[in-house]
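Chemist: Sequence and computational prediction follow.
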Amino acid sequence: QVQLVESGGGLVQAGGSLRLSCAASGSILKINTMAWYRQAPGKQRELVAGITSGGSTSYADSVKGRFTISRDNAKKTVYLQMNSLKPEDTAVYFCYSGILRSYLRPPDDYWGQGTQVTVSS
C-alpha cells in the first residue's frame, strides 16, 4: 500500500508565505512525476506545479515567480514553497505522484488527502 501525507497548510495574510510538504510511504520502486494541484470552492481542480524525477519543473501561469516546487528523492517528499500569497490562492491543495510499485505493471496515480490553504486580504 502507498500513502501520500501532506502537511503545511493553514491561514496566512496576503503577501505571506507557506511551505507545503507531501511525503510518500509504502511499497515503492520509483516515484516519477510529482505535482501539486489545487481546488477552490465551486471550481475544477487545477495543476499548480509539477516536477519530474529528473528535476524538470513546470508551473501554472498564475503562480510563476511566486511558487517553487522541489523534491527530495531520498525522503520521497515533494515541497511547494508559496510566497507572495494572494487571496485567490485560497484552495485545498492536493499532492500527486506517479508511483511504480512493480516492474510487471505501469505506474499508478496516487493522491494526498488535501490540505487547506486560506489567504486573507
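Modeler: In hand now; what should we look at? Numbers count the residues shown, from 1 in each chain.
Chemist: how about the chain, which residue sits the furthest from its center?
Modeler: With distances taken as Cα atoms, centre = their mean, the residue sitting farthest from the centre of the chain turns out to be residue 104, at 27.3 Å.
Chemist: That residue: helix or strand, and which one exactly?
Modeler: Assignment of secondary structure by DSSP states H and E places residue 104 within no helix or strand.
Chemist: what about it, distance to residue 121?
Modeler: Taking Cβ to Cβ, to the nearest Å as the measure, residue 104 falls 52 Å from residue 121. (C-beta placed from N, C-alpha, C; glycine too.)
Chemist: so how far is residue 59 from residue 116?
Modeler: Between residue 116 and residue 59 the computed distance is 21 Å (Cβ to Cβ).
Chemist: Give me the more crowded residue out of the two.
Modeler: residue 59 (18 against 11; other Cβ atoms under 10 Å).
Chemist: Tell me the predicted confidence for that one.
Modeler: Residue 59 is assigned a predicted lDDT (pLDDT) of 98.
Chemist: Across the sheet, point out what pairs with residue 81.
Modeler: Note on residue 81: beta-bridge partners residue 19, residue 68, judged by DSSP bridges.
Chemist: residues contacting it?
Modeler: 17, 19, 67, 68, 69, 70 (Cβ atoms under 8 Å, 6 or more residues apart in numbering).
Chemist: Could you check how many residues crowd around the fourth one?
Modeler: I take that to be residue 68. Using other Cβ under 10 Å, residue 68 has 16 neighbouring residues.
Chemist: Likewise for the fifth one?
Modeler: Residue 69 sits with 22 neighbouring residues when counted by other Cβ under 10 Å.
Chemist: Neighbours of the spatially closest residue to residue 2 that is not a sequence neighbour, how many?
Modeler: What sits nearest to residue 2 in space, not counting adjacent residues and going by Cβ to Cβ, 6 or more residues apart in numbering, is residue 26, at 3.8 Å. Residues within reach of residue 26, counting by other Cβ under 10 Å, total 12.
Chemist: just residue 50 next, same as before
Modeler: A count of nearby residues for residue 50, using other Cβ under 10 Å, gives 18.
Chemist: Please apply the same query to the one 3 residues further on.
Modeler: Using other Cβ under 10 Å, residue 53 has 14 other residues around it.
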